[in-house]
Structures are given as structure tokens and as C-alpha cells.
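Chemist: 3D, please:
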Amino acid sequence: MRYITTIGDQEYLVEILDEHHVLIEGRPIEVDFSEISDQPVYSLLLDGNSYEGYVYPTDKTWQVLLHGRLYPALVEDERERRLRAAAGSQVQESGEYYLKAPMPGLVVAIPVVEGQPVKKGDVLIVLESMKMQNELKSPRDGLAARLRVKPGDSVVQHQTILSVI
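Modeler: I've put the predicted structure just below:
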């Protein structure tokens, strides 16, 4: 599984190979990571070096205390990141919004019909990818328009699926 980890302004690509091996930015590293009792304290052996850290989950990030310094870390798998990008954090409130496939997949369901009023957060498309069903939601109020797919269709990443006007 591949993850994008953001610490401060720096992003790192982390790929978990197996229980004791990861790639960080393509560099292989041997790891041993274990929880100490039932506390938020973890032991980490990283390429033979020993670290002890405190890890606290928050709503959207992890807070990691290491060597007396606090690091907020955002960890997203590639699928989550594509879904978040597809939802668009900067959605224009007027004009036509084009909903695009965040990943290749199979259209499982379209719970809206062309011309139907939709509210922000309404499910527009259910897309199956990597054996998981993903609900693609409306980023704003409007009307569903220009449906370009039907259930059973395969889509490619960035393919326009429908519009909200």
C-alpha cells in the first residue's frame, strides 16, 4: 500500500512492502514498529536506530512527539487523496462543475437523473475501484446534468462523468 505523508510543508511517498520493510521516497528501509503496552507510546527501530515516540490521533492528522518535538502528520493513501482531489476543495459556486473520475473504475450506480436538483453532499455516482465502492458526492447545490455514463460503464481516471449546474 502506498501513502502520502505530509509533515509541515514536506510530502513523503511511503510504500509498505511487508511487516518489516518500507520504501520512503523509493529508498528501502528496514523497520520494526510496535506499541508499548496500551499507551500512545511506540518503539521504532529504523535501519538499526532506536526511537521512542508518542502518537496521538486527531480528527484529520496524527500528532507525533519525537525527541521533544511535536510533528503534525497527515497520512493519506493514494485512493483517499484522489477522492479528496476529485471532490475539489476549491469548487466554484456558479457555472458548470464537471465531476471527473478520481481513479479508473466501474460505474455501479447513478442515484440521480439528469435535471434532478442535488444538494451539496448528495451521492451522484457510485464507482467501484480496487474492489471498493466509492461514493462521489456533489460539491455544491445545483442540478445534475450531462450524464455521460451509465451503470456498468468503465471509466478512466479524470474522465468527465457528469456535470452540476
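Chemist: nearest residue to the residue of the chain most remote from its centre other than its sequence neighbours?
Modeler: Of all residues in the chain, residue 48 has its C-alpha farthest from the mean position, at 31.3 Å, by C-alpha atoms, centre = their mean. Excluding its sequence neighbours, the residue lying closest to residue 48 (C-beta to C-beta, 6 or more residues apart in numbering) is residue 30, at 7.7 Å. Bear in mind the C-beta positions are built from the backbone N, C-alpha and C, glycine included.
Chemist: please, which helix or strand holds the one you found?
Modeler: Per DSSP states H and E: residue 30 is located in strand 27-35.
Chemist: and the next helix or strand past that strand?
Modeler: Next along the chain after strand 27-35, taking DSSP H and E as the criterion, comes strand 41-46.
Chemist: angle of that following strand against strand 27-35?
Modeler: In terms of direction (axes from the mean of the first three to the mean of the last three C-alpha atoms, to 10 degrees), strand 41-46 departs from strand 27-35 by 160 degrees.
Chemist: wait, isn't residue 17 in contact with residue 27?
Modeler: No: counting by C-beta atoms under 8 Å, residue 17 does not reach residue 27; the two are 11.8 Å apart.
Chemist: no further queries at this time; thank you.
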